[in-house]
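Q: A predicted structure for the sequence below; I have some questions about it.
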Amino acid sequence: MKHLILTPLAIAAVLALPTFAATTKMSSAKSGNPRSTSTTQSKSMEVQKVPAKQEAAQKLAKDLTSTQETKLLTFLNEASVKELTVVRGISTRRGDAIEKARPFKTVDEVILVAGIGESTFAQLVKHGKTLTRSRSTSKTSKPS
């Protein structure tokens, strides 16, 4: 007797499964979100990391004077790839990525470029501090 009731229920469940799956796809398409919940959650976690990464860059950039920050921003926006590679940690590949991500509104935005992390950004800040130092081209002259 149980067997007679359970068999039709099992068949009905198997037949209803494709219909249920199609309904779920249609409702997610209507909502404009074809991604699964787990993908959406990982994306939102990724989005949360970006501001934290940029916050770290802002803290490092606070060591720059306004003149140094302006000159570093100009350097990031106008330097050639070859000039960018002068900074320790910036390869030609990273230099290309920086060049493609231009223009930057603030120096801390460069940390959002692929391959630029806190240590590389710290090297950029270090380079930025040297941009306002006076550079003497001649050595001290001997008194006559």
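A: That came through, no problem.

Q: Give the closest residue to L131 in space, chain neighbours not counted.
A: Spatial nearest neighbour of L131, excluding adjacent residues (Cβ to Cβ, 6 or more residues apart in numbering): K71 at 4.1 Å. Placement of C-beta: from N, CA and C, glycine included.

Q: residue boundaries of the helices in the protein?
A: In the chain, the segments counted as helices under DSSP state H are 2-30, 37-61, 66-78, 81-84, 92-101, 118-130.

Q: Least reliable of those helices by average pLDDT, please.
A: Mean pLDDT is lowest for helix 2-30 out of those, coming in at a mean of 56.

Q: For L76, give me its contacts.
A: L84, I98, R102, F104, V107, V110, L124 (Cβ atoms under 8 Å, 6 or more residues apart in numbering).

Q: which of those residues sit farthest apart?
A: The span of the contacts of L76, defined through Cβ to Cβ, is set by R102 and L124 at 14.3 Å.

Q: So for these two, which residue has more residues nearby?
A: Neighbour totals were compared for R102 and L124, and L124 leads with 26 against 13 (other Cβ atoms under 10 Å).

Q: Quick check: closest non-adjacent residue to the more buried one.
A: Closest residue to L124 apart from its sequence neighbours, by Cβ to Cβ, 6+ apart: V87 at 5.8 Å.

Q: how many neighbours does that neighbour have?
A: Neighbours of V87 (other Cβ under 10 Å): 21.

Q: Correct me if wrong: it contacts K129.
A: No: V87 is beyond contact range of K129, at 11.8 Å (criterion: Cβ atoms under 8 Å).

Q: Now flag whichever of the contacts of L76 is closest to K59.
A: Closest to K59, out of all of the contacts of L76 and judged by Cβ to Cβ, is V107, at 12.2 Å.

Q: How about the contacts made by the closest one?
A: A57, A61, L64, E69, L72, L73, L76, L124, V125, G128.

Q: same deal with I116?
A: I116 sits next to R94, A97, I98, V110, L124 when contact means Cβ under 8 Å, 6+ apart.

Q: Adding distance to K53, write those residues out as CSV.
A: Output for these, formatted as CSV (distance: Cβ to Cβ, whole Å):
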residue, distance to K53
R94, 16
A97, 15
I98, 16
V110, 11
L124, 14
